[in-house]
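Undergrad: curious how this folds, go ahead:
(chains A and B)
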Amino acid sequence: SQKIEQNSEALNIQEGKTATLTCNYTNYSPAYLQWYRQDPGRGPVFLLLIRENEKEKRKERLKVTFDTTLKQSLFHITASQPADSATYLCALKAAGNKLTFGGGTRVLVKP
Amino acid sequence: GAGVSQSPSNKVTEKGKDVELRCDPISGHTALYWYRQSLGQGLEFLIYFQGNSAPDKSGLPSDRFSAERTGGSVSTLTIQRTQQEDSAVYLCASSTRTGAGTEAFFGQGTRLTVV
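TA: Numbering: from 1, shown residues only, chains lettered A, B, ... in the order given. Below is the predicted model:
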């Protein structure tokens, strides 16, 4: 069966350090992968998209990698700040174009 | 509108009653999704509309759930004979098209509580 797995344990990190989140998938052949941020009580907000022919994508302090051999994407927040505390979700297009999400990883950046 | 709008923002209903949740997508967006999110959980796909194509209903958990999209714009998710396990936040999202990997824009969600 198709699965998108993210670490369900919260990631606690000190301000200024780099947070690294993992998204693993099975039985998908995605043309691209997306990352979203979700704050409590709000809908997810799009952050980055990376295509299958891209190894790495950057946006400000965010970096995403995509390894289609390992079937894995890594999401990095460099120089983390308390304002980065949120839940981060990865998403893939499944068969029929429906956008399917992983369970998300909660990040808590401590000052 | 400026963003995806969902109403109501909160709904408390008695077990066994029917509820309707509304989603107004961003104007011009052809794709519309409904998701369900239980407390502390990820997004569970429910249904997906793309233009005039038949909707993908593969995520609807039971025949008590249905959704329609009128005129390619506003969508309504209906839950009949609500059960306590239906309590969750229901999120709607829209996007311009599906093939090019465009982002999905989400509404704030409707928090449904079945008592």
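
Undergrad: is stretch A:88-102 positioned near chain B?
TA: Yes - using Cβ under 8 Å from any Cβ of the partner chain, stretch A:88-102 reaches chain B at A:89, A:91, A:93, A:96-102. (C-beta placed from N, C-alpha, C; glycine too.)

Undergrad: quick one: which of those residues is most hemmed in?
TA: A:Gly102 (27 neighbours; other Cβ atoms under 10 Å in any protein chain shown).

Undergrad: quick one, what contacts that residue?
TA: If a contact means Cβ atoms under 8 Å, 6 or more residues apart in numbering or on different chains, then A:Gly102 has A:4-6, A:23, A:25, A:89-91, B:42 as its contacts.

Undergrad: ditto for B:Cys23
TA: B:4-6, B:32, B:34, B:74-77, B:92, B:94, B:107.

Undergrad: separate out the buried members of those.
TA: B:4-6, B:32, B:34, B:75, B:77, B:92, B:94, B:107 (16 or more other Cβ atoms under 10 Å in any protein chain shown).

Undergrad: residues contacting the closest residue to B:Pro55 other than its chain neighbours?
TA: Of all residues not flanking B:Pro55 in the chain, B:Phe49 sits nearest, at 4.8 Å (Cβ to Cβ, 6 or more residues apart in numbering or on different chains). By Cβ under 8 Å, 6+ apart, the residues touching B:Phe49 are B:31-33, B:55, B:67, B:69, B:75.

Undergrad: any idea which of the residues of stretch A:88-102 next to chain B is least confident?
TA: Within the residues of stretch A:88-102 next to chain B, pLDDT reaches its minimum at A:Gly96, with 68.

Undergrad: and chain A, which residues reach chain B?
TA: So chain A meets chain B at A:6, A:31-32, A:34, A:41-46, A:49, A:51, A:89, A:91, A:93, A:96-104 (Cβ under 8 Å from any Cβ).

Undergrad: re the thing from before, pLDDT on the strand or helix carrying the residue nearest to B:Pro55, on average?
TA: If you go by DSSP states H and E, B:Phe49 is part of strand B:44-50. For strand B:44-50, mean pLDDT is 93.

Undergrad: how about stretch B:76-83?
TA: 98.

Undergrad: just to revisit the earlier point, out of the contacts of B:Cys23, the closest to chain A would be?
TA: B:Gly107 (5.6 Å; Cβ to the nearest Cβ).
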